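Asks: Model the structure of this input:
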Amino acid sequence: MHLTILIDNRLSVPSLASEHGLSLHVQTKTLSILVDTGLSGKAFDNAEKLDVDIKSVDYLILSHGHVDHTGGLRRFVEINKTAKIIASSLVRDYQYWSNRGGKFHSLSPDVEVINQNIERFVFIDDNYLIDSEIGCVFTRRQSFPRPNGNRYLFVEKGGGMSPYTADDELALTIKTNEGLVVVSPCSHCGLLNIADECCKYMNCNELTAFVGGLHLLNGEADDVANLAELISKKYPQMYLYTSHCTGDEACKILSDKMLDKFHVFGVGERIEV
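Replies: I've put the predicted structure just below:
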């Protein structure tokens with residue numbers, strides 16, 4: 001199985017485009033899966049250059065409703081006419097906001113394109129199996145701290161504003177011969193909470209790789225160092241691949257603690273797991 005980074009904040013191949021957002025393609029033995037669409041359609045321009053056939057994608061997984069993960073949806077449905085789109089039912093109900101920087105700005109998805117393609121969506125409120133080895137998992141328990149960066153995020157439903165609890169967030173988990181691979185583009189629920197939920201749902205305690213953003217902002221050194229120690233204790237065999245929404249300072253700390261089991265990815269990279 002391999003994963004290809006179609007769009008991200010960081011760039012590995014200079015001839016490709018980057019943006020604040022994430023989209024990655026997962027190719028298993030039997031399925032072509034796209035996880036998120038990035039902020040715009042640039043991911044699909046990159047896909048063409050990387051020989052990733054978007055037309056043949058079987059499933060699109062929207063990890064959560066934020067526009068830097070859903071903004072390319074209109075472009076996706078123009079290219080791909082058949083893929084099922086899996087998302088939390090809350091994605092169509094919430095308006096998403098951030099006040100990072102001291103001023104509220106919208107992070108909401110394009111509701112019009114969702115409604116125009118409603119027959120293609122599989123809206124879920126509970127964990128969902130695509131097949132016996134591939135699942136979409138919500139994180140309902142909070143055994144470990146969630147990222148502090150969530151404090152800037154809010155949702156609006158029915159006219160009332162409330163803190164964002166990431167109750168719409170999905171992780172894609174895939175069972176391989178070596179153990180579980182978890183793809184979690186933003187990890188608002190926290191890496192360890194997400195990993196534990198995926199292991200429990202898939203009935204597999206061996207976690208071989210975690211791929212995605214960690215929503216760790218700069219200036220949180222103690223929290224990041226503690227996270228690295230807990231990862232090494234709970235999942236010593238796990239490789240961590242991250243970039244989007246993970247600050248440079250956090251990456252440096254994780255790299256120092258996890259050594260060769262840590263990697264920062266960028267647009268154009270292919271990860272073999």
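
Asks: Convert the C-alpha atoms of the helix or strand Ala225 falls within to CSV, please.
Replies: Using DSSP states H and E, Ala225 sits in helix 221-234. The C-alpha coordinates for helix 221-234 follow below in CSV (Å, rounded to 0.1, in the frame of the first residue of the first chain):
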residue,chain,number,x,y,z
ALA,A,221,7.3,22.5,23.6
ASP,A,222,6.4,20.7,26.8
ASP,A,223,3.2,19.3,25.5
VAL,A,224,4.9,18.1,22.3
ALA,A,225,7.7,16.5,24.3
ASN,A,226,5.2,14.7,26.5
LEU,A,227,3.3,13.5,23.4
ALA,A,228,6.5,12.1,21.9
GLU,A,229,7.3,10.2,25.1
LEU,A,230,3.8,8.7,25.2
ILE,A,231,3.9,7.6,21.6
SER,A,232,7.3,5.9,22.1
LYS,A,233,5.8,4.1,25.2
LYS,A,234,2.4,3.1,23.8
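
Asks: what's the following helix or strand after that helix?
Replies: Later in the chain than helix 221-234, the nearest helix or strand by DSSP H and E is strand 239-242.

Asks: And that next one, how far out from the chain middle?
Replies: Put simply, strand 239-242 sits 12 Å off its chain's centre (C-alpha atoms, centre = their mean, to the nearest Å).

Asks: Just the pLDDT at the spatially most central residue of the chain, thanks.
Replies: Centroid-nearest residue in the chain: Pro185, 1.5 Å away (criterion: C-alpha atoms, centre = their mean). Pro185 is assigned 98 on the pLDDT scale.

Asks: these two touch, right, it and Thr70?
Replies: No. Pro185 sits out of contact with Thr70 when judged by C-beta atoms under 8 Å, with a separation of 10.7 Å. (Glycine included, C-beta is placed from N, CA and C.)

Asks: Overlap in contacts, these two.
Replies: Asp36 (C-beta atoms under 8 Å, 6 or more residues apart in numbering).

Asks: and for the helix holding Ala225, what are the contacting residues?
Replies: Taking C-beta under 8 Å, 6+ apart as the rule, helix 221-234 contacts 144-145, 148, 191-192, 195, 216, 238, 240, 249-250, 253-254, 257-258.

Asks: Now, the residues you listed that are in strands?
Replies: Using DSSP state E, the subset of the contacts of helix 221-234 located in strands is Leu240.

Asks: So which residues of this protein form helices?
Replies: 42-49, 67-70, 73-79, 111-116, 191-202, 221-234, 248-258 (DSSP state H).

Asks: picking up where we left off before, return the set of buried residues in the helix holding Ala225.
Replies: Under the neighbour-count criterion of 16 or more other C-beta atoms under 10 Å, helix 221-234 has Asp223, Val224, Leu227, Ala228, Ile231 buried.

Asks: just to revisit the earlier point, which residues does the residue nearest to the centre of the chain contact?
Replies: Leu22, Leu24, Val35, Asp36, Ser63, His64, His69, Gly212, Gly213, His244.

Asks: Now render these as JSON lines, adding neighbour count.
Replies: Converted to JSON lines, these look like this (neighbours: other C-beta atoms under 10 Å):
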{"residue": "Leu22", "neighbour count": "29"}
{"residue": "Leu24", "neighbour count": "29"}
{"residue": "Val35", "neighbour count": "27"}
{"residue": "Asp36", "neighbour count": "31"}
{"residue": "Ser63", "neighbour count": "29"}
{"residue": "His64", "neighbour count": "26"}
{"residue": "His69", "neighbour count": "26"}
{"residue": "Gly212", "neighbour count": "29"}
{"residue": "Gly213", "neighbour count": "24"}
{"residue": "His244", "neighbour count": "28"}
